[in-house]
Each structure stands twice: as structure tokens, then as C-alpha cells.
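Colleague: make a model of this:
(4 chains)
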There are 2 protein chains.
Amino acid sequence: MPAKVSTTATRAALLAAAREEFAAYGVAGARVDRIAERAGVNKERIYGHFGSKEKLFDAVITEAIDDLTAQIALPGSDPVDYVAKLSAYYQAHPELVRLLMWEALNYRGQELLPGQEARVERCARKTASMSERPTEATARTVFLLTGLALFPAMMPQLARILLGEAAGDQEAMREHAAAFAAAALRDGLPGEGPSGG
Amino acid sequence: MPAKVSTTATRAALLAAAREEFAAYGVAGARVDRIAERAGVNKERIYGHFGSKEKLFDAVITEAIDDLTAQIALPGSDPVDYVAKLSAYYQAHPELVRLLMWEALNYRGQELLPGQEARVERCARKTASMSERPTEATARTVFLLTGLALFPAMMPQLARILLGEAAGDQEAMREHAAAFAAAALRDGLPGEGPSGG
DNA sequence: TTGACATCCAACTAGTTGGTTGGTGTAGCG
DNA sequence: CGCTACACCAACCAACTAGTTGGATGTCAA
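Modeller: Numbering: from 1, shown residues only, chains lettered A, B, ... in the order given. The predicted structure is shown next:
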């Protein structure tokens, strides 16, 4: 240990607390005091480690997305499995869904966060593996498949309206999403096969 | 007209300004001063008319959703057309998408807004018209179709990552979503036909 | 015109918020 | 052992926020 008590532990505690707080309240709604308290750390440490509330948010979402991409690969040869796995991941990590939404709401039209460019390349490579000739249509399909997995987790209140009590059965929703994807891809990717539009 | 200068006009201006403000910054990020200024009205009027910032938000989103449901019916006999029309509507009204997202983020697990129950009934009726025997599976399909239309508008930054420059072509995305829906429903609704899951 | 009433607003306030600062305690090092 | 460097924190602050108030203004009824 150098001349510090527990730098990395403090940082990690801050990140974990911030993830909860940001997921719950968003950037504007999050309170730095609350984050510090939850982490059992002084507020000033946030600024020492991250600089500002918004930079802390960037760190949080970057970490969360990295956690996801480390565990879920983009659709390779089995797009339906991709939808199923991704749905399950989002169901298991609702905070990530909320973080993604808040990020989408915040960075409108602006550039991506640094480090997302690396993700872009990884995506491109993976999308390529799904089809021999990776077309724009293939990428769009991947995008929609992701939506199939994400959407139920994003809009629970709409699910409630449309499904009523059945909205609670998230596993059924996941299976339905996978079945929907399977049906759509039955005769090949839209835009590629003879059925394409 | 009673002894008022322009009650309805003030109220409408407030609602319009609030819609922009809330769409842009969310409930926590929105500033009541900014709303009042944008409406060309005094801040106090917000409290006179609506009571609080959050109630104003409720009024805004209720109005926005009513605008939508007045123009777009749930899928009747033509689900693909539903996806196409809904996609177009969201593209034309990006503020509504953002409002829906912020609402989803705010009311987590809580009850729906008053007035949404009426919408529930309307939904149930419409869903029924899509299938002779409205099942839970049908409702889930309607939900996913809505997601197909909404998702591209919700996650432009993800589209950017997956599609690159092509993300800008929203009309192509809409067509692709409709084609995807058509492919999925080609042999009947998932959960109903022989292909069901 | 006058009274009654509702709309409207400038100025104010009480409470929070993100961010800072001055100082303490500990670990390495000569 | 004293010195330096860094992690750490209680207390603080300037700026800003949602919400309020007291009075000016305009409209209707008589």
C-alpha cells in the first residue's frame, strides 16, 4: 500500500453507489451527497476522483456497458439466441437499461462518449459475422433485434397497459420476443432473402 | 368569457413551452423559470394553473399521448401498417418519444397516471380486433410491434454505433422495421399459428 | 361609473445543490 | 525521527431552485 488508505476501494464504492443513484434518478436528479453517503465516503472524493458529476456519470455508464459487452456478444450465427440472452441480461440488470435510457436522453445529437468508438469497431466485426456480406440491412436487423430485447425492459408501464397483469411475467415476454425474432428471420434476414422489402 | 384576459391561451402556451422543456431536460432537469419565459408568461401562472412542476409534467404527457392516440389507432387488421404509421408519427414527433422515456424512467413500479385507465380499455378493444380470439400472445405481439416502431426513435445513439452514417436515414429504418414486422407475421401471429412458441 | 372578481406579474424567500477549502492522519523515505 | 506526499474529511459557500405573496390590470355585471 502506498501513502493512501484505500484509493481503489473508495473509487469502486463511489462507482457502485453512483450506478445505483444515476440509474434511479438520472444525471439531473442524482444527488452527489447521496452518492457519497451511499458509498460511505466524503463528497469531496467524487471531485478528487472524477472531477464532476457528469464525468462520474460517464465513468458509470462506460463501466456498465463494458460489463455488458464482456458478457453478451453481438449476434453471430444465432440471432435468436442473441435476443434471448440479451433479454435475460437486461432483465437481470435493470439499472443498465435505465442508464442507457438516461444516456440516450442526455447526449442528443452530440458525439459519443470516448471509448465508444472502440465498441463501434467491435460491433462492426460482429455484425459482419452474422452475414457473409454485411449489408446495411443486416445492421438494421441487428439493431431491431436489440430493440426486441431492450424494449420490454425499457417500457414496463406500456407493457402494463397492453398486457395488464400478464406484464409481470417477464420470462414469457422474453420467450415471446425470441419467438418473434425467430419468425421474422425464418426465411433469412430481411433485405437479403427473397422475402426482403 | 368571464373576467379573464386569456386563460386558455396562457394555459396552452404554458403546455406547449413545458412540452419542449420537459422533452429536452426531463422533469428534474426542467426549469420552471425557463418554461414561463418560453411561454411569455409569469412563473406563478404555472402554479395557478397546474399546481406544481410534476403536475404540469403529467398534464403535458397526458396531452401528448392523447394527441397520439387520436391519430394512430392500435393495429387492427393490418399490423404492418400500424408499425409503419407509428414509426412515422414518432419520427415526426420526437418530443413525444422523449416524454415517454422520461415518464418510463420516473414512474417506476408506481401506478399509472389517472386517465391512462381509459387508454387501457381502448387498447384492449383494439387488440381484440387484431385477432378473433385475443390472447395474451397477441397482446405481447402488439407490444413488440410498438417497440419496433419506437425503438429506433428512442436509441439514436445506438443506431449510430451499429449503423454509422446510415443511422441518419430514418425513412429506411422505418421501412426496415415494417419489413421486419411483416416477416415475423407472415405465417400468422406468434403464439397462435403452427409456428408459435 | 363602480364594484367584484379573476388574471397576471415583479420581487421575494426558504431550502438545496454542486463544488471548494483548510486541515488531519498515515505511509514511505532519508 | 522529521519531512513529504497523498488519501481523506467536516464545514463551508455562492449560486440556483421551486414555490409564494401582495398588489396592478383588465373584464364583466349592474
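Colleague: residues contacting the closest residue to A:Asp33 other than its chain neighbours?
Modeller: Nearest residue to A:Asp33 in three dimensions, chain neighbours excluded: A:Lys43, at 5.8 Å (Cβ to Cβ, 6 or more residues apart in numbering or on different chains). All C-beta atoms are positioned from the backbone trio N, CA, C, and that covers glycine. Taking Cβ atoms under 8 Å, 6 or more residues apart in numbering or on different chains, we find A:Lys43 in contact with A:32-33, A:35-36.
Colleague: want to throw those into CSV with secondary structure and distance to B:Ala73?
Modeller: Converted to CSV, these look like this (DSSP: H, G, I helix; E, B strand; the rest coil; distance: Cβ to Cβ, whole Å):
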residue, secondary structure, distance to B:Ala73
A:Val32, helix, 46
A:Asp33, helix, 48
A:Ile35, helix, 45
A:Ala36, helix, 50
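Colleague: filter those down to the buried ones, PyMOL style.
Modeller: Of the contacts of A:Lys43, the buried ones can be selected in PyMOL as follows, counting by 16 or more other Cβ atoms under 10 Å in any protein chain shown:
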select buried, chain A and resi 32+35+36
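Colleague: for chain A, which helix is longest?
Modeller: In chain A, taking DSSP state H as the definition, the longest helix is helix A:7-29.
Colleague: that one packs against which elements?
Modeller: Secondary-structure packing of helix A:7-29 (3 or more Cβ pairs under 8 Å, 6 or more residues apart in numbering or on different chains; DSSP states H and E): helix A:32-39, helix A:44-49, helix A:53-71, helix A:94-106, helix B:7-29.
Colleague: what's the neighbour count on A:Gln170?
Modeller: Each residue near A:Gln170 was counted by other Cβ atoms under 10 Å in any protein chain shown, and the total is 16.
Colleague: for it, grab phi and psi.
Modeller: A:Gln170 adopts backbone torsions of phi -70, psi -30, taken as degrees, to the nearest 10.
Colleague: what's the helix or strand for the residue nearest to it when sequence neighbours are not counted?
Modeller: In space, A:Gln170 comes closest to A:Gln91 once its chain neighbours are excluded; the distance is 5.4 Å by Cβ to Cβ, 6+ apart. With secondary structure defined by DSSP states H and E, A:Gln91 is part of helix A:79-92.
Colleague: residues making contact with that helix?
Modeller: Applying Cβ under 8 Å, 6+ apart, the contact partners of helix A:79-92 are A:68, A:71-76, A:96-97, A:130, A:141-142, A:145-146, A:148-150, A:152-153, A:170-171, A:173-175, A:177-178, A:181-182, A:185.
Colleague: and A:Leu148, what's its pLDDT?
Modeller: If you check A:Leu148, the pLDDT there is 97.
Colleague: now it: which helix or strand?
Modeller: Counting by DSSP H and E, A:Leu148 is part of helix A:136-154.
Colleague: now do the buried residues in that helix.
Modeller: Residues of helix A:136-154 classed as buried by neighbour count (16+ other Cβ under 10 Å): A:137-154.
Colleague: cool, and stretch A:70-87?
Modeller: So stretch A:70-87, judged by 16+ other Cβ under 10 Å, has buried residues A:74-75, A:79-80, A:82-87.
Colleague: so A:Leu162 touches B:Leu145, yeah?
Modeller: No: A:Leu162 lies out of contact with B:Leu145 (Cβ atoms under 8 Å); the separation is 10.2 Å.
Colleague: thinking again about what came up before, quick one: the longest helix of chain A near DNA strand C?
Modeller: No: shown here: helix A:7-29 not in contact with DNA strand C (Cβ under 7 Å from any atom of the strand), separated by at least 7.7 Å.
Colleague: so for that helix, what's the average pLDDT?
Modeller: Across helix A:7-29, pLDDT averages out at 90.
Colleague: okay, the angle between it and helix B:94-106?
Modeller: Put simply, helix A:7-29 runs at 130 degrees to helix B:94-106, going by axes from the mean of the first three to the mean of the last three Cα atoms, to 10 degrees.
Colleague: please save the CA atoms from helix A:7-29 in PDB.
Modeller: What follows is helix A:7-29, C-alpha atoms only, in PDB (Å, rounded to 0.1, in the frame of the first residue of the first chain):
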ATOM      1  CA  THR A   7      -7.900   4.600  -3.200                       C
ATOM      2  CA  THR A   8      -9.200   1.800  -5.400                       C
ATOM      3  CA  ALA A   9     -11.800   0.700  -2.800                       C
ATOM      4  CA  THR A  10     -13.000   4.200  -2.500                       C
ATOM      5  CA  ARG A  11     -13.300   4.600  -6.200                       C
ATOM      6  CA  ALA A  12     -15.100   1.400  -6.600                       C
ATOM      7  CA  ALA A  13     -17.500   2.200  -3.800                       C
ATOM      8  CA  LEU A  14     -18.200   5.500  -5.400                       C
ATOM      9  CA  LEU A  15     -18.800   3.900  -8.800                       C
ATOM     10  CA  ALA A  16     -21.200   1.400  -7.400                       C
ATOM     11  CA  ALA A  17     -23.100   3.900  -5.400                       C
ATOM     12  CA  ALA A  18     -23.200   6.300  -8.400                       C
ATOM     13  CA  ARG A  19     -24.500   3.500 -10.600                       C
ATOM     14  CA  GLU A  20     -27.500   3.000  -8.300                       C
ATOM     15  CA  GLU A  21     -28.100   6.600  -7.900                       C
ATOM     16  CA  PHE A  22     -27.800   7.500 -11.600                       C
ATOM     17  CA  ALA A  23     -29.900   4.600 -12.600                       C
ATOM     18  CA  ALA A  24     -32.600   5.600 -10.100                       C
ATOM     19  CA  TYR A  25     -32.700   9.400 -10.700                       C
ATOM     20  CA  GLY A  26     -30.700  10.200 -13.800                       C
ATOM     21  CA  VAL A  27     -28.000  12.800 -14.100                       C
ATOM     22  CA  ALA A  28     -30.000  15.800 -13.200                       C
ATOM     23  CA  GLY A  29     -31.900  14.100 -10.400                       C
END
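Colleague: can you give the distance from it to the centre of its chain?
Modeller: 16 Å (Cα atoms, centre = their mean, to the nearest Å).
Colleague: cool, thanks, talk later.
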